[in-house]
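In: Dropping the sequence and predicted coords here.
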Amino acid sequence: MEKLYINEQVYLERLRLSHVEVIFEAIDQNREHLRRWLPFIDFTRKLRDTELFVRSIIEQPVGERDDVYVIWHRKDFAGLIGYKDADQINNRVEIGYWLVKDKTGMGLATLATQKLVDYAFRNMNMNRVQIRCGVGNDKSSAIPKRLGFQFEGIERDGERHNRTYIDLEVYSLLKKEWVQSLF
């Protein structure tokens, strides 16, 4: 799906090469906001770095690539959200997301995550959706909590940030739980 509409003001658009400049500018203007929780920020110094990231996603064969979407709010770039590490054998996938500072606190990440969760269960035949958040990233961990995900525990030293590692909170939602929440 090229676009996933959430409401009149918010939609998701599949990542394309034409998005490189807007993504890089957003990263460049939001470095302090993003740096603490996103390890790639310090390695994204030039437009070319973002281009290489986008190409690494879109040039993978269909069926093997992670589906990544730009979040648009009132025609403004708000952030990225996408599936990560899809496992077709075990029918599970992870969702990751980030927003620019001036688009936080509006529920955009929650709406976008809810849309991808719904799409994963309805259209991708997934049985499990997982979200991992840095311990202490309360705004990020509020999203899976709000959407009914279950806290599973802490993945110790789960992500490398510069010269150190951070622990990650692990949340999951199963298809049967999602189905029950619809009623």
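Out: Structure's in. What do you need? Numbering: from 1, shown residues only.
In: The helix or strand hosting G82 - contacts with which helices or strands?
Out: According to DSSP states H and E, G82 maps onto strand 76-87. For strand 76-87, the elements it packs on are helix 20-29, strand 68-73, strand 92-99, helix 108-123, judged by 3 or more C-beta pairs under 8 Å, 6 or more residues apart in numbering; DSSP states H and E. For the C-beta atoms, the positions are set from N, CA and C on the backbone; glycine is no exception.
In: who wins for proximity to I41 among the ones you listed?
Out: Among the helices and strands packed on strand 76-87, helix 20-29 comes nearest to I41, with 6.4 Å by C-beta to C-beta.
In: which helices and strands does that closest one pack with?
Out: For helix 20-29, the packing partners by 3+ C-beta pairs under 8 Å, 6+ apart are helix 47-58, strand 76-87.
In: is it true that P144 lies in a helix?
Out: Yes - applying DSSP: H, G, I helix; E, B strand; the rest coil, one finds P144 inside a helix.
In: wait, isn't it in contact with C133?
Out: Yes - between P144 and C133 there is a contact at 7.4 Å, judged by C-beta atoms under 8 Å.
In: Common neighbours of the two, please.
Out: Y171 (C-beta atoms under 8 Å, 6 or more residues apart in numbering).
In: rewinding a little: show me what counts as buried in the strand holding G82.
Out: In terms of neighbour count (16 or more other C-beta atoms under 10 Å), strand 76-87 has its buried residues at F77, A78, G79, L80, I81, G82, Y83, A86.
In: Show me where this protein dips below the pLDDT cut-off.
Out: Within the chain, the segments meeting pLDDT under 70 span 1.
In: re earlier: run me through the strand neighbours of the strand holding G82, direction for each.
Out: strand 68-73 (antiparallel), strand 92-99 (antiparallel) (DSSP bridges).
In: Show me which of the buried residues of strand 76-87 is closest to E51.
Out: Using C-beta to C-beta, those come closest to E51 at L80, 14.5 Å.
In: Tell me who's in contact with that closest one.
Out: By C-beta under 8 Å, 6+ apart, the neighbours of L80 are L15, I23, V68, Y69, V70, I71, Y97, W98.
In: distance of it from A142?
Out: 18 Å (C-beta to C-beta, to the nearest Å).
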